[in-house]
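# return a 3D structure for these sequence lines:
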Amino acid sequence: MDMSDAVIVKSSRLKSVVWNDFDRVKKGDTCVAICRHCKKKLSGSSTSGTSHLRNHLIRCQRRSNHGIAQCITTREKRKEGTLAIANFSFDQDQKKDDALNLVNIKFEQEQLKDDTINYGSNNFDQRRSRFDLARMIILHGYPLAMVEHVGFRVFVKNLQPLFELVTMNRVEADCFEIYEKEKQKMNEMLDKLPGKISLSADVWTAIGDAEYLCLTANYIDESWQLRRRILNFILIDPSHTEDLHLEAIMACLMDWDIDRKLFSMTLDSCPTSDVIAMRISDRLSQNRFLYCNGQLFDIRCAVNVINIMVQDALGAVSDIVNKIREGIRYIKSSHTVLAKFNEMVKEVGIQTQKCLFLDNQLQWNSTYSMLEVALEFRDVLSLLQENNNAYRISLSNVEWERATAVTSYLKHFVEVTNVLTRSKHPTANIYFPELCDVKLQLMEWCKNSDECINRLALKMRSKFDEYWEKCSLGLAVAAMLDPRFKMKLVEYYYPQIYGSTSAGRIDEVFEGVKSLYNEHSICSPLASSHDQGLAWQVGNGTLCITGSAKDSRDRLMGFDKFLHGNVDFSILNWWKVHTPRYPVLSMMARNVLGVPMSKVSQELAFNNNGRVLDRDWSSLNPATVQALVCSQDWIQSELES
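Below is the predicted model:
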């Protein structure tokens with residue numbers, strides 16, 4: 001086409017950024033778009049749109065060598081470009097599908113001319129970039145609405161003008177597509193698992209008093225790694241009956257097709273959990289999906305039962321704790337009073353580097369630390385009361401003794417909780433000795449002569465005994481599968497816990513192990529006459545219980561020495577190595593050691609409020625929330641592994 005008499009058209013209606021790389025010329029009634037880089041002529045008619053122009057820019061070799069598709073070199077000093085947005089305005093009422101007007105936004109690329117490298121012939125991929133954006137939002141928990149924020153849109157357009165900005169609805173749909181693909185991968189992985197799955201259920205709170213039920217699969221994979229993956233995140237009505245919650249859980253199991261692969265279910269200690277666990281167990285037992293007639297199915301969260309006892313303990317002395325808080329608040333409210341207090345500390349001769357502080361009432365270990373420090377200054381606080389008429393917060397000797405008793409209980413609970421949560425994915429074998437110690441401590445605390453403390457100890461012991469009756473068999477079996485201890489831990493603790501009836505109790509544990517072993521043996525294609533089986537546990541296939549508790553304690557000291565020399569021992573790696581020798585027991589170990597005896601993470605172990613859903617995500621549609629939470633967990637887990 002002869003362009004000698006063509007006229008360049010300058011129109012304020014040319015909003016698309018592609019016109020930064022094209023001249024729109026008019027010859028007669030025909031409009032042509034001429035590439036400023038390679039001079040190729042394309043249709044410039046307003047009815048042709050701009051998609052063909054974008055496609056050309058992607059392929060244009062001359063543009064890719066010296067145009068805007070450039071990045072700052074990492075080998076040289078970067079210079080910061082400036083973004084001029086003085087004349088930029090964004091109409092919030094603009095339709096979501098309208099393009100962002102960037103006419104008055106200029107990026108001063110001249111500053112980068114000496115600091116750039118080119119992409120060569122690499123092509124820009126709109127779809128891939130769109131899903132990169134969605135995946136970033138999922139992974140980091142960003143609000144979906146960020147894609148419509150002015151600052152974000154300006155940044156993206158200056159970074160890559162070819163990227164077509166997306167709406168919140170578009171990125172939400174992309175997140176759903178990612179969720180469906182990741183869910184398919186999860187389905188295929190769960191289908192190929194060599195062992196069983198243990199489910200844990202958690203309740204999260206959201207804005208507006210909404211609650212979500214989070215169902216998590218816990219399992220040991222083919223490489224003997226302990227894994228946790230969120231399967232469902234369902235909006236629930238707190239006023240609904242157990243039946244509706246039960247049906248929601250069963251629907252999730254059927255959706256994932258894992259009802260026949262379930263080994264156990266971990267819930268919090270509450271009456272609702274009793275009903276749900278019993279009914280699910282009954283349903284699965286009817287189809288003979290559960291081992292040992294469901295004896296190992298109903299597990300309660302160990303850290304949760306400790307938290308329940310902690311709240312009982314703090315509730316029993318709440319008036320005393322409040323008095324101590326008010327006393328500390330008064331002392332720290334005035335420099336004069338604080339100086340007087342410090343003088344008294346020196347007079348009394350207290351040697352400590354600790355200082356009084358107010359607790360964070362949302363973290364019960366913080367309350368414990370506050371009480372522990374206050375008890376160190378007990379004599380000074382009492383003296384201040386005598387010498388300062390304005391200090392009217394008085395504690396009697398009985399109250400101080402009760403505070404001392406409860407603080408000692410809290411100290412033990414803090415230590416146990418730290419042990420149970422110090423590993424991100426703890427195996428089930430670590431719980432038995434810690435919880436046996438809790439049971440023995442409760443038995444001792446019940447001997448306290450103070451009526452208030454005795455009543456508290458009996459209350460805590462009653463709640464722990466409910467937990468113990470449900471979970472002691474599973475705890476003992478997991479401990480027996482630890483090759484460092486085998487039956488020795490049970491033989492050590494049970495005489496102290498059960499006294500004269502301990503032999504019968506140990507027999508019950510052994511019968512449970514034998515039944516579990518036989519059921520696994522039926523299912524194992526690797527079982528043979530060469531499998532040394534239960535002889536690994538009890539020696540020549542027979543269980544011998546002899547000697548006193550002192551003898552057991554002496555034997556355990558030898559194991560303690562062994563442990564100190566084997567701090568890097570990995571029980572899962574041990575079973576991985578010894579699977580050929582103990583094929584049936586290794587199958588048992590895979591299923592039992594993967595049971596989540598606790599479902600509380602370390603960062604929430606001392607939290608009084610539980611899990612809370614992010615405010616931005618809380619406002620979204622429940623189906624979107626489930627897609628985001630599940631996808632985030634799967635993507636993060638994939639990155640970690």
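# mind jotting down where the strands sit in the protein?
7-8, 22-27, 30-35, 41-43, 70-72, 83-84, 106-107, 116-118, 197-205, 211-220, 226-236, 262-267, 298-300 (DSSP state E).
# distance to Gln632 and mean neighbour count for those - can I get that in JSON lines?
(Each C-beta comes from the backbone N, C-alpha and C, glycine too.) Output for those, formatted as JSON lines (distance: least, C-beta to C-beta, whole Å; neighbours: other C-beta atoms under 10 Å):
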{"stretch": "strand 7-8", "distance to Gln632": "51", "mean neighbour count": "10"}
{"stretch": "strand 22-27", "distance to Gln632": "41", "mean neighbour count": "17"}
{"stretch": "strand 30-35", "distance to Gln632": "43", "mean neighbour count": "18"}
{"stretch": "strand 41-43", "distance to Gln632": "43", "mean neighbour count": "14"}
{"stretch": "strand 70-72", "distance to Gln632": "29", "mean neighbour count": "15"}
{"stretch": "strand 83-84", "distance to Gln632": "31", "mean neighbour count": "12"}
{"stretch": "strand 106-107", "distance to Gln632": "33", "mean neighbour count": "17"}
{"stretch": "strand 116-118", "distance to Gln632": "34", "mean neighbour count": "14"}
{"stretch": "strand 197-205", "distance to Gln632": "13", "mean neighbour count": "22"}
{"stretch": "strand 211-220", "distance to Gln632": "12", "mean neighbour count": "21"}
{"stretch": "strand 226-236", "distance to Gln632": "8", "mean neighbour count": "19"}
{"stretch": "strand 262-267", "distance to Gln632": "22", "mean neighbour count": "24"}
{"stretch": "strand 298-300", "distance to Gln632": "26", "mean neighbour count": "23"}
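# top helix in the chain by residue count?
For the chain, the longest helix by residue count, based on DSSP state H, is helix 451-480.
# mean pLDDT and distance to Ala478 added to the strands of the chain, as CSV?
Output for these, formatted as CSV (pLDDT from 0 to 100; distance: least, C-beta to C-beta, whole Å):
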stretch, mean pLDDT, distance to Ala478
strand 7-8, 70, 80
strand 22-27, 84, 70
strand 30-35, 88, 70
strand 41-43, 88, 70
strand 70-72, 33, 53
strand 83-84, 38, 59
strand 106-107, 40, 61
strand 116-118, 40, 57
strand 197-205, 94, 12
strand 211-220, 95, 12
strand 226-236, 95, 13
strand 262-267, 95, 11
strand 298-300, 95, 11
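# nearest to Tyr179, out of the ones you listed?
When the strands of the chain are compared by C-beta to C-beta, strand 226-236 sits nearest Tyr179, at 10.8 Å.
# which elements pack onto the closest one?
strand 197-205, strand 211-220, helix 242-256, helix 622-640 (3 or more C-beta pairs under 8 Å, 6 or more residues apart in numbering; DSSP states H and E).
# nearest spatial neighbour of Ala248, skipping sequence neighbours?
Ile234 (5.7 Å; C-beta to C-beta, 6 or more residues apart in numbering).
# scratch that, Asn609
Leu362 (6.1 Å).
# run through the residues that contact the one you found.
607-609 (C-beta atoms under 8 Å, 6 or more residues apart in numbering).
# return the member of these nearest to Asn387.
Asn608 (36.2 Å).
# hmm, Asn365 and the closest one touching each other?
No: if you go by C-beta atoms under 8 Å, Asn608 and Asn365 don't touch, sitting 10.4 Å apart.
# so which of these two has more stuff around it?
Using other C-beta atoms under 10 Å as the criterion, Asn608 and Asn365 rank with Asn365 on top: 19 against 15.
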